[in-house]
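Next one to model:
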Amino acid sequence: MLPATYYVGLSAILFIIGVVGVITRRNAIIIFMSIELMLNSANLAFVAFARVHEAMSGQVFVFFVLAVAAAEVAVGLALMVSIFHTKHSIDVDNISSLKG
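As a prediction, this is how the structure comes out:
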């Protein structure tokens, strides 16, 4: 059985990869994937801490985070499809000028 510090370390590494993806990429799909990676790294930390404290509250919180992430993906992809139909690109720099 691995100690919780390994899980927290992996969670931190995944979160940093997600932050770097959000900061450096200009493609909206890659940015959403990086945000999902950050949410999943937070979920891993919640589960690790819940295991250490022997509480179910971490798993319950992860369930709600996954539900919010699923809603975010659905709304985000719908917005990206809509923007792609009007702008013919999902580049973040082109989307920043949404002035009708």
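
Phe61 and Phe46 touch, don't they?
Yes - here Phe61 lies in contact with Phe46, judged by CB atoms under 8 Å, at a distance of 5.4 Å. (Each C-beta comes from the backbone N, C-alpha and C, glycine too.)

ok, Gly58 - how many residues close by?
Gly58: 19 surrounding residues under other CB atoms under 10 Å.

Asn40 now?
For Asn40, the number of neighbouring residues by other CB under 10 Å comes to 18.

Can you find the helix or strand in the protein with the smallest mean pLDDT?
The helix or strand of the chain with the poorest confidence is helix 92-95; it has a mean of 66 (mean pLDDT, DSSP states H and E).

Spatially nearest residue to Gln59, not counting backbone neighbours?
Leaving aside its chain neighbours, Gln59 sits nearest to Ala50 (5.8 Å; criterion: CB to CB, 6 or more residues apart in numbering).

quick one: average confidence on whichever strand or helix holds the one you found?
According to DSSP states H and E, Ala50 maps onto helix 28-53. Averaged over helix 28-53, pLDDT sits at 91.

buried stuff in it?
28, 31-50 (16 or more other CB atoms under 10 Å).

in the very next helix or strand once past that helix, what counts as buried?
The first helix or strand that comes after helix 28-53 along the chain, using DSSP H and E, is helix 57-87. Residues Gly58, Phe61, Val62, Ala69, Gly76, Met80, Ile83 are the ones in helix 57-87 that count as buried (16+ other CB under 10 Å).

Look up how far Val68 lies from the first one.
Taking CB to CB, to the nearest Å as the measure, Gly58 and Val68 are separated by 16 Å.

who's in contact with Met1?
By CB atoms under 8 Å, 6 or more residues apart in numbering, no residues touch Met1.

Need the pLDDT of it.
76.
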